[in-house]
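Visitor: Provided below are the primary sequence and the corresponding predicted coordinates.
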Amino acid sequence: MFYLSETLTGVSVVAGPGSSDLANNIATRLGAPLNVAALRIFSDGESNIKLGKAGKNCIIVQSTHPPADTHLMQLLMMAKKCTDDGAQHICAVIPYLCYARQDRAFLEGEVVSIDLMAKLFETVGVKHIITVDIHSQLALSYFTSIQNVSSVPLLAEYASKMNLHDPIAVSPDEGGANRAKEFARYLDIDVLALKKYRHRVTGEVTVDEKLDMDISKRDAIVIDDIISSGGSVIKAAEVLQKKGIGRIFAMCAHALLIREAAQKIKSAGIQEIISTNSVPGEYSKVDLSSEIASALKSRY
Ligand code: R5P
């Protein structure tokens, strides 16, 4: 463990309401004081944020998981407060960066929301962003200063202790193939990338059932950046089960798990959901603080 305060004074970690435990872990690793945001939600749903006086260098930790707009607004409010207090440098640690999937106009007339996000952060004085497993390289391109930390080494470390039988890493789609390959490399296991198709308007997901590998009785870890409705991992599980797979585990950086997603995933025969604390909750079994603290150290 290193202590940032030994080399840099005036650094404080602001703990946003969406990431209080992660912020605490990061502050401990940095040996930096914690400035905890006090939150009140008004009856109309608006947030009220109260923050201690910010120092020269502020690291605001706030993931923008659902309710995404609320967490985003809280983050903007915290950054505005730090700027108003005279902070010279504000770094926002946003493990789950909402709107990153809206990185282009898929249909005519659609707003490229991630572009707006980048402009909003600049407006409130955020100078640098650290995020985790952002959905696409294109999303990164809208920001002037952003670092994308991979959760794969930490997820692989967790998987290495799971006592798996002849495991394979599975990507539910070709877009996630590189992530699954990196994960498989850490564990020295086979990798399989399924071919997923999503209907742009209805959102319906289908998966090609032709596999070029014998997977019978082997354990599978389906690894993705985000599990949202659970549709992608469930479709992947259905295909794997038809081919006689053994146990199936779902791993991801960001377990949004909208509505009944967790229940549906378990009902589909998936043994366990394992995610990082990018989205805090029952499934956030992997702490991101070591990787984020390393990224911050290289920054300051
Ligand atoms: C899609 O390209 C992403 O990598 C994820 O596979 C997707 O966002 C997961 O969403 P859902 O759980 O709703 O299928």
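Guide: Now that the structure is in, tell me what you want to look at.
Visitor: Would you mind listing the buried residues in the helix or strand Val170 falls within?
Guide: Counting by DSSP states H and E, the element that carries Val170 is strand 168-171. For strand 168-171, burial by neighbour count (16 or more other Cβ atoms under 10 Å) applies to Ile168, Ala169, Val170, Ser171. Glycine gets a C-beta too; all of them are placed from N, C-alpha and C.
Visitor: May I ask you to confirm that the first one is in contact with Val191?
Guide: Okay, so that is Ile168. Yes. With contacts counted by Cβ atoms under 8 Å, Ile168 reaches Val191, the gap being 6.7 Å.
Visitor: one step back: nearest to the ligand among the buried residues of strand 168-171?
Guide: Ser171 (8.8 Å; Cβ to the nearest ligand atom).
Visitor: Ignoring the adjacent residues along the chain, who's closest to that closest one?
Guide: Ala180 (3.6 Å; Cβ to Cβ, 6 or more residues apart in numbering).
Visitor: cool, and Leu192?
Guide: Val170 (4.9 Å).
Visitor: ditto for Leu75
Guide: Nearest residue to Leu75, sequence neighbours excluded (Cβ to Cβ, 6+ apart): Gln62, at 4.3 Å.
Visitor: sorry, back to before: each with direction, which strands does the strand holding Val170 pair with?
Guide: strand 190-193 (parallel), strand 220-227 (parallel) (DSSP bridges).
Visitor: could those go into JSON lines alongside mean pLDDT and distance to the ligand?
Guide: Converted to JSON lines, the strands paired with strand 168-171 look like this (pLDDT from 0 to 100; distance: least, Cβ to the nearest ligand atom, whole Å):
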{"stretch": "strand 190-193", "mean pLDDT": "96", "distance to the ligand": "12"}
{"stretch": "strand 220-227", "mean pLDDT": "97", "distance to the ligand": "4"}
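Visitor: Most tightly packed of these?
Guide: strand 220-227 (a mean of 26; mean count of other Cβ atoms under 10 Å).
Visitor: close to the ligand, is the top helix by length along the chain?
Guide: The single longest helix within the chain, with elements called by DSSP state H, is helix 68-84. No. For helix 68-84, no contact with the ligand is found by Cβ under 6 Å from any ligand atom; the gap never falls below 13.4 Å.
Visitor: returning to what we had before: which one of the buried residues of strand 168-171 is nearest Arg40?
Guide: If you rank the buried residues of strand 168-171 by distance to Arg40 using Cβ to Cβ, Ser171 comes first, at 42.1 Å.
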